[in-house]
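Visitor: Can you look at this prediction? I've put the sequence above it.
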Amino acid sequence: MWGILVALISGALMSIQGVFNTEVTKQTSLWVSTGWVQFSAFLVCVLAWIFTGRDSVGALWQVDNKYTLLGGVIGAFITVTVIQSMGALGPAKAAMLIVVSQLAVAYLIELLGLFGVDKQPFEWRKIIGMLISIAGIIIFKWQK
């Protein structure tokens, strides 16, 4: 139950953040806005680290698969692409396409067992669910 609640909160926060970031971008620029997002997130993380315990930052260099340290770099491009898609499509359409893309890539990662994730068997019901999601986007976007 906790995982479901956290996932729902995450989705809501991502949509709100996308709208906020898009508005800041309109008044500044794409890279200024993206930089502010990453910098302010860094400050929040530093404060949380100070107040919740100080695990060694040096442990980062002990991570087995160094490519996994690229999450922050990917995060910067997530911010940029969310801003651009929300600006071009509006929050609802962009969020739907983002979620379907997340679902498709996550399922591929599971199917192929990429990045240390346990490999999962192919299931038609998951493909059908994804197709239903895509149909939902088409219906949502459909205009008279």
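Guide: Now that the structure is in, tell me what you want to look at.
Visitor: tell me the contacts of residue 104?
Guide: Listed by CB atoms under 8 Å, 6 or more residues apart in numbering, the contact set of residue 104 reads residue 130. Backbone N, C-alpha and C define where each C-beta goes, glycine included.
Visitor: what helix or strand is it on?
Guide: Using DSSP states H and E, the element containing residue 104 is helix 91-112.
Visitor: That helix: which residues count as buried?
Guide: For helix 91-112, a neighbour-count test (16 or more other CB atoms under 10 Å) marks 91, 94, 95, 96, 98, 100, 107, 110 as buried.
Visitor: which phi and psi does residue 63 have?
Guide: phi -60, psi 130 (degrees, to the nearest 10).
Visitor: thought it was touching residue 69?
Guide: Yes. Counting by CB atoms under 8 Å, residue 63 touches residue 69, with 6.1 Å between them.
Visitor: Return the distance of the residue most central in space within the chain relative to residue 38.
Guide: Closest residue to the average C-alpha location of the chain: residue 78 at 6.4 Å, with CA atoms, centre = their mean. From residue 78 across to residue 38, the span is 10 Å (CB to CB, to the nearest Å).
Visitor: go on, residue 66?
Guide: Distance from residue 66 to residue 38, by CB to CB: 20 Å.
Visitor: Neighbour count: those two, which is higher?
Guide: Neighbours were counted for residue 66 and for residue 38 using other CB atoms under 10 Å; residue 38 has more, 15 against 9.
Visitor: and the more buried one, what element?
Guide: For residue 38, the host element (DSSP H and E) is helix 30-52.
Visitor: got the contact list for that helix?
Guide: Counting by CB under 8 Å, 6+ apart, 17, 21, 24-25, 28, 55, 72, 75-76, 79-80, 83-84 sit against helix 30-52.
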